[in-house]
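K.L.:
Output the structure for:
(2 chains)
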There are 2 protein chains.
Amino acid sequence: MEYKNSFSEHTRTMHSSLIRELVASIKTVPGLISFAGGFPSPKTFPKQKLAEIYSQVITEEGAEVLQYGASEGDNQLKDELLKWEGYKHINHDNILVTAGATNGIYYYTRALIEEGDVIFCEAPTFLGTLVAFDALGAKVHGIPMDSEGIDLEILKKDLREFRTKGRKVKFLYVIPDFQNPSGISMSEQRRKELVRFALDFDLPILEDNPYSRLRFSGDELPTLYRTAFEQYRNPDIVTEIVSFSKILGPGMRLAFVKGNKNLVERLCSWQQKVNITPDCVTERVAARFFQQDLMQPHLEMIRSFYRPYLETMLEALDKEMPSNVMWTHPEGGIFLWLWLEERFNCDELFEQAKAHKVAFIPGSKFFPFGEEQYNCMRLNFTYSSQEQIQEGIARLATLIKSF
Amino acid sequence: MEYKNSFSEHTRTMHSSLIRELVASIKTVPGLISFAGGFPSPKTFPKQKLAEIYSQVITEEGAEVLQYGASEGDNQLKDELLKWEGYKHINHDNILVTAGATNGIYYYTRALIEEGDVIFCEAPTFLGTLVAFDALGAKVHGIPMDSEGIDLEILKKDLREFRTKGRKVKFLYVIPDFQNPSGISMSEQRRKELVRFALDFDLPILEDNPYSRLRFSGDELPTLYRTAFEQYRNPDIVTEIVSFSKILGPGMRLAFVKGNKNLVERLCSWQQKVNITPDCVTERVAARFFQQDLMQPHLEMIRSFYRPYLETMLEALDKEMPSNVMWTHPEGGIFLWLWLEERFNCDELFEQAKAHKVAFIPGSKFFPFGEEQYNCMRLNFTYSSQEQIQEGIARLATLIKSF
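P.N.:
Okay, here's the model as predicted:
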């Protein structure tokens, strides 16, 4: 039996997350320092507490959590999530617990996108989401960013153009806080303007929020969801997905979607067909983590843990890089973004960097298909040690200078 | 913002698992005895061992299992699965670990089905799968069963008819062991004939296997996958999905798909876009459960535990039911199936049964849309106590006799 002739069209043509192959290709290089991955540091995983809670939950509540749970998600966890975020205008029906953020993004996209519909996003943006959009038959178009986030003038112009041509632009996908891959955070003013624009032009926003709790300095900014609620009393225009991957650990697949009730109910209908429910043990463990007041001190620990790594990378860049290189200066998250002069092609640089025993992800991977830029790269600062960061940035600078 | 006008077509029109609503509607009836659910008994959950293993896994391997894992699934678990089933001709690349069986079924269907393609299944069959097929745009057609399983003559005739009309029949979905909802197990002879037929007519088989390890009496039968391998040295025609929901507990979302490598690789591509990976903690806990040689004694415990419940239900049916009622006599699993005379409509009976404080799932829910039969019902025997089973069957018999 050959299956390849039986595959559905999108199954035949869909892209893989190229990062997997890139990361696999450097695994075997001895002594290589990698800024390529998007992995949190295992040192931030609250292992001891989680071990206790897992054991407690199974022992005391095993009959419940090992049984089928609600497709909507565990109510005890939802209680904690509502308390954590402090929203009074919403309830359990506005929340869907999912097996990670990508899972929630998949349901949202599945619920809204018909073959050929258009999704707008920031350019660059998270590759994992781009390949999911693509596999679901969406055409993705990227809107450039400046230092304050997505460029609203270009967004307006492009939305008008697409709509004039009769294209259905179904939603805008954004990562306002410590964006993957750029590290850029949208300014408060830009958030207000973006939500105002979205309301005026009926453009739903999908807000991906994996990093907002990983702020090491500066003032916290309201999410777009909060902005829509507090500024305009109209939160339904935004659907926010909050991930626990960089908080508790990505091996526990856990995230939640917050938004309009009718929409959440439809996402839940997809959940029933795709996963039935999230992992109920994982859900209750997360609920207990909140109930035992462990989340706040844990987040403070993560922030203190990561801050020096970011500082080390920024200092190393300042010290090592030639003056024709620019980079972002994030106040949190796990990535920063680096631009070279136009003549550089970071896809090619990636291969040469292997010989210099340093790795990054070429920037081109983070643009919608057909809209690639090549003179940029993503650097992760949360996985290598501080010594490795200094040495790795020095190697990278040597390579760039040698051009 | 109103989302309902923005939903994709299948999101607007898709069915829910009606069982949810039925089960919800009886929850509030005091003293009701329910044979409606498909829940395993919480007494079969290996709580104590799992509590220890969860704690061990997080303490000793937290840095690994709380991190991003492989989309293909945990290699340690795959090693154990290969040992468990004893296949020598396959390796890790033939296996995808998924967040439950429905998740694997979703990927398989997504990989093969284009809008309007046809899926054949047994009639009746598992409702949860029917709604997933439907939501993915497939037309589902049911093939009747006799006491030995799917009717091959009708299968042949219908396949010829559909193909003559130019319809693409992409695969056949079957549950050969202790089928949900009927409790029927396909005979060994029928298995051989079905696989031979599938090979001759290039009809891939999706074998759903949640119950084969729950055999309380009689001889074990080879799965279709094993039949294809051992009888015809051609296992690729069958893709088998094995669930741990009735073994460890459905709250741990865990199953695995076994099949052709190219196909498994494509399912994995969908997994990357939908869930990234299974829950890595859950995977490793299951691996340790095998490694500590706990699976075999645990399965024996479950079988001894459930056997008396099935016996009690069969005895109660013998004792209570009038002669115009028929039912299946499964040797395992969690369901049996009951037929009434044609004049009965079990959708209506369900409402009256509530007043008699007993519940079941009307048989009509388990047929493809538009092919419903109404004089049948599904009874679960693993959730109520033996006393409740006796009393509940007596109530049901009283109701049926009163017609």
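K.L.:
For the stretch 251-400 of chain A, which segments count as helices?
P.N.:
With DSSP state H, counting those that start in this stretch as the criterion, the stretch 251-400 of chain A has helices at A:261-274, A:280-291, A:295-320, A:346-355, A:386-401.
K.L.:
For A:Trp327, which non-adjacent residue is spatially closest?
P.N.:
For A:Trp327, ignoring the flanking residues on the chain, the nearest one in space by C-beta to C-beta, 6 or more residues apart in numbering or on different chains is A:Leu338 at 4.4 Å. C-beta: built from backbone N, CA, C; applies to glycine.
K.L.:
export the helices of the stretch 251-400 of chain A to TSV and tack on distance to chain B and mean neighbour count?
P.N.:
Formatted as TSV, these follow (distance: least, C-beta to the nearest C-beta, whole Å; neighbours: other C-beta atoms under 10 Å in any protein chain shown):
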stretch	distance to chain B	mean neighbour count
helix A:261-274	4	23
helix A:280-291	3	24
helix A:295-320	13	16
helix A:346-355	21	16
helix A:386-401	17	18
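K.L.:
JSON lines for these, including distance to A:Tyr225?
P.N.:
Putting these into JSON lines (distance: least, C-beta to C-beta, whole Å) gives the following:
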{"stretch": "helix A:261-274", "distance to A:Tyr225": "13"}
{"stretch": "helix A:280-291", "distance to A:Tyr225": "19"}
{"stretch": "helix A:295-320", "distance to A:Tyr225": "19"}
{"stretch": "helix A:346-355", "distance to A:Tyr225": "34"}
{"stretch": "helix A:386-401", "distance to A:Tyr225": "34"}
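K.L.:
Same list, those, but as JSON lines with distance to B:Phe133 and mean pLDDT please.
P.N.:
As requested, the helices of the stretch 251-400 of chain A are exported to JSON lines (distance: least, C-beta to C-beta, whole Å; pLDDT from 0 to 100):
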{"stretch": "helix A:261-274", "distance to B:Phe133": "9", "mean pLDDT": "96"}
{"stretch": "helix A:280-291", "distance to B:Phe133": "25", "mean pLDDT": "98"}
{"stretch": "helix A:295-320", "distance to B:Phe133": "40", "mean pLDDT": "98"}
{"stretch": "helix A:346-355", "distance to B:Phe133": "41", "mean pLDDT": "94"}
{"stretch": "helix A:386-401", "distance to B:Phe133": "50", "mean pLDDT": "97"}
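K.L.:
Relative to A:Leu77, which of the ones you listed is closest?
P.N.:
Among the helices of the stretch 251-400 of chain A, helix A:280-291 comes nearest to A:Leu77, with 4.1 Å by C-beta to C-beta.
K.L.:
Which elements pack onto that closest one?
P.N.:
helix A:47-65, helix A:75-85, helix B:280-291 (3 or more C-beta pairs under 8 Å, 6 or more residues apart in numbering or on different chains; DSSP states H and E).
K.L.:
Okay, buried residues for the biggest strand by length in chain A please.
P.N.:
If you go by DSSP state E, chain A has its longest strand at strand A:139-146. For strand A:139-146, a neighbour-count test (16 or more other C-beta atoms under 10 Å in any protein chain shown) marks A:139-143, A:145 as buried.
K.L.:
Next, the angle from the worst-scoring helix or strand of chain A on mean pLDDT to helix B:261-274.
P.N.:
Least confident helix or strand, chain A: helix A:18-27 with a mean of 74, by mean pLDDT, DSSP states H and E. Relative orientation of helix A:18-27 versus helix B:261-274 (axes from the mean of the first three to the mean of the last three C-alpha atoms, to 10 degrees): 110 degrees.
K.L.:
The longest strand of chain A pairs with which strands, and in what direction?
P.N.:
Strand A:139-146 has its sheet partners listed here by DSSP bridges as strand A:118-123 (parallel), strand A:149-150 (antiparallel).
K.L.:
How about residues contacting the shortest one?
P.N.:
Contacts with strand A:149-150, where a contact means C-beta atoms under 8 Å, 6 or more residues apart in numbering or on different chains, come from A:122, A:143-144, A:174, A:176, A:179, A:184-187, A:190-191, A:194.
K.L.:
repeat for stretch A:340-356
P.N.:
So stretch A:340-356 is contacted by A:22, A:25-26, A:29, A:32, A:324-325, A:359-364, A:374-377, A:395-396, A:398-400, A:403 (C-beta under 8 Å, 6+ apart).
K.L.:
just the helices and strands packed on helix A:280-291: most buried one?
P.N.:
Neighbour counts (mean count of other C-beta atoms under 10 Å in any protein chain shown) averaged over each of the helices and strands packed on helix A:280-291 peak at helix B:280-291, with a mean of 24.
K.L.:
Perfect, I'm done here.
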